[in-house]
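# How does the following fold in three dimensions:
(chains A and B)
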Protein chains: 2
Amino acid sequence: MEDKFLFAQQLIREAGQFIKKKMTEQVAITIKSQNDDLVTNVDQETQEFMIAKILQQYPEDHILAEEDEVRHPINDGNVWVIDPIDGTVNFVVQKNQFAVMVAYFEDGVGQFGCIYDVMNDLLLSGGVNLKVTLNQQEVAPYQSKPLDRALIGCNSGLFLTNEFGVTHLISHTLGVRVYGGAGISMLKVMTQELMAYFSHIQPWDYAAAMIIGKQLGYLVRTFDGQEPDFKTRQKVMFLPECELKHFENYLSE
Amino acid sequence: MEDKFLFAQQLIREAGQFIKKKMTEQVAITIKSQNDDLVTNVDQETQEFMIAKILQQYPEDHILAEEDEVRHPINDGNVWVIDPIDGTVNFVVQKNQFAVMVAYFEDGVGQFGCIYDVMNDLLLSGGVNLKVTLNQQEVAPYQSKPLDRALIGCNSGLFLTNEFGVTHLISHTLGVRVYGGAGISMLKVMTQELMAYFSHIQPWDYAAAMIIGKQLGYLVRTFDGQEPDFKTRQKVMFLPECELKHFENYLSE
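Numbering: from 1, shown residues only, chains lettered A, B, ... in the order given. Next up, the predicted model:
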């Protein structure tokens, strides 16, 4: 497993280099489901680049990825979950604040994950029996602190509508931060810059954070308290396990 | 003026070093007006450090600063406007995403400003007849683009209540970003990562951006279209001058 983990860390850094090079060229933008759901040729080409590298090294493995309907079921065999560019709007507008993510599962059991904030060159990675590091530095597990000394990351739509009571919860903290990407937001949860993150996201958005976070005391739950399904877009929270009961005092169904 | 500008740039980098050193020590936090309005000993000590340096070099000059009620009127003589730590909540919780700001006025006329994102080591500075640079690189003036390809920075409270129609405006863009600091948000406007910024802020929060931004095509206006008063906390927008009419189609009084 250690070799595969090292391979993934190298792969994600190479994907970051690939994206940076592509950024110097003209980027073609396509609207997917709605105005703020964008995809670019760079998302698609980065995904192809990553899949080719994985299948060259591990030809028996399978892929579940964001673009082009590559959807192997998470429970079946060795599955790599790939998000080539998480935070595509930030990528397009800001040329900053986006991430590449990779997670690796065996028969549905998460083994390791990597989140790479490309422009800030921050690689968070870790897994089962694999130390969690941020650019080689070991990352500390979650340390409990009072809610009124915390910041919460949130999708702006959920915040605006107080869905599930998130805005009510946030009103008991130091405030909300909206960064526009699950990867960079969940990375900030694990470095304890945010206490938790609420959003409406897809399997490739939460897969890596779920595995890395588990090693540090965090979990991903749907708003009704279930494990996410790895099939559909769901409203989820990423938070410290030990704060779950406390959060539930403020959240509603 | 060029010497004074160089002095200010050096001062703000020294202030950044001062803060970084203080961050390795215990930080004492005090609540000001409300739970999320914090001040630390580092804010106060950094302000004292900066004022001492300025008055040592320019003993005839005056100071308008955030902490400890240092409030020389902006229109009277040579006035330095100082925000020792903008984004104190981020400073306390995230140890990141905060800025030091300095602006210099003569008889009410802005001469130059500096915004320093300490942890990312990004210094934006410029002024009248003084090139606008980000870490020595010249910064381009605003280039118009469609609203539906833009991101807007906003204070979370204004966004939540759709004050002045900002949420309505934002619904016609690619979305909102909430970073928790005027300095880092306005810096992102001037690097065109955001198109505009809306917030409820104080003179030391907008002074530097107003001067630097003027050189690049941006302005600060209150929600009712006035110049800010440099006396009170006001709801303001920082936006490209050429987009003002366009924005007004979406904003309400």
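# Enumerate the residues of chain A near chain B.
Applying Cβ under 8 Å from any Cβ of the partner chain, we find that chain A lies next to chain B at A:35-36, A:38, A:89-90, A:92-97, A:148-151, A:156, A:159-160, A:167, A:174-180, A:188, A:193-194. C-beta coordinates here come from the backbone N, C-alpha and C atoms, glycine included.
# Just the buried residues of these.
If you count burial by 16 or more other Cβ atoms under 10 Å in any protein chain shown, the buried members of those come out as A:36, A:38, A:89-90, A:92-94, A:96-97, A:150-151, A:156, A:159-160, A:167, A:174-180, A:188, A:193-194.
# mind listing which of the residues of chain A next to chain B are in strands?
Judged by DSSP state E, these include A:38, A:151, A:175-177 as members of strands.
# so what are the domain limits for chain A?
A:1-138, A:147-249 (the TED database).
# from these, which stretch is densest packed?
domain A:147-249 (a mean of 20; mean count of other Cβ atoms under 10 Å in any protein chain shown).
# first to last residue in stretch A:111-126, what's the distance?
9 Å (Cα to Cα, to the nearest Å).
# thinking again about what came up before, now the ones in strands among the residues of chain A next to chain B in a markdown table, with pLDDT?
Below are these laid out as a markdown table (pLDDT from 0 to 100):
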| residue | pLDDT |
| --- | --- |
| A:38 | 83 |
| A:151 | 98 |
| A:175 | 97 |
| A:176 | 98 |
| A:177 | 98 |
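# Could I get those residues in JSON lines, plus columns for distance to residue A:228?
Converted to JSON lines, those look like this (distance: Cβ to Cβ, whole Å):
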{"residue": "A:38", "distance to residue A:228": "23"}
{"residue": "A:151", "distance to residue A:228": "23"}
{"residue": "A:175", "distance to residue A:228": "26"}
{"residue": "A:176", "distance to residue A:228": "22"}
{"residue": "A:177", "distance to residue A:228": "22"}
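# For residue B:232, state which of those is nearest.
residue A:175 (22.2 Å; Cβ to Cβ).
# which ones are touching that closest one?
Contact analysis of residue A:175 by Cβ atoms under 8 Å, 6 or more residues apart in numbering or on different chains lists A:151-152, B:36, B:89, B:156, B:178, B:180.
# how about residue A:121, phi and psi?
phi 50, psi 50 (degrees, to the nearest 10).
# quick one: it and residue A:135 touch, right?
Yes - using Cβ atoms under 8 Å, residue A:121 is in contact with residue A:135, at 7.4 Å.
# tell me the pLDDT at residue A:253?
Note on residue A:253: pLDDT of 61.
# got it, and residue A:68?
For residue A:68, the predicted pLDDT is 80.
# Wait, a helix at it?
Yes - assigned with DSSP: H, G, I helix; E, B strand; the rest coil, residue A:68 falls within a helix.
# Nearest residue to it in space, ignoring adjacent ones along the chain?
Among residues not flanking residue A:68 along the chain, residue A:44 sits closest, at 6.7 Å (Cβ to Cβ, 6 or more residues apart in numbering or on different chains).
# Ok, residue A:189 next?
residue A:197 (5.3 Å).
# list the contacts for the one you found?
Contacts of residue A:197 by Cβ under 8 Å, 6+ apart are A:152-154, A:182, A:185-186, A:188-189, A:237-239.
# Narrow those residues to those in helices?
A:182, A:185-186, A:188-189 (DSSP state H).
# Quickly find the element holding the residue nearest to residue A:68.
helix A:41-57 (DSSP states H and E).
# where does the following helix or strand past that helix sit relative to the chain's centre, distance-wise?
Using DSSP H and E, the helix or strand that follows helix A:41-57 in sequence is strand A:62-65. Averaging C-alpha positions (Cα atoms, centre = their mean, to the nearest Å) puts strand A:62-65 15 Å from its chain's average.
# List the contacts of strand A:62-65.
A:47, A:50-51, A:54-55, A:70-74, A:76-84, A:203-204, A:207, A:230.
# And stretch A:230-240, by the same measure?
A:64, A:74, A:142, A:144, A:158, A:163-164, A:186, A:189, A:195-203, A:206-207, A:209-210, A:213, A:217-223, A:228, A:247.
# now that stretch: how far from the chain's centre is it?
Put simply, stretch A:230-240 sits 10 Å off its chain's centre (Cα atoms, centre = their mean).
# repeat for stretch A:31-49
So, by Cα atoms, centre = their mean, the centroid of stretch A:31-49 is 16 Å from its chain's centroid.
# And for stretch A:196-214?
5 Å.
# Report the mean per-residue pLDDT for it.
98.
# cool, stretch A:229-247 as well?
So the average pLDDT for stretch A:229-247 ends up being 96.
# Make CSV out of the contacts of residue A:175 and add distance to residue B:126.
Shown next, in CSV, are those (distance: Cβ to Cβ, whole Å):
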residue, distance to residue B:126
A:151, 31
A:152, 35
B:36, 31
B:89, 27
B:156, 29
B:178, 26
B:180, 24
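# Since that was my last question, I'll sign off now.
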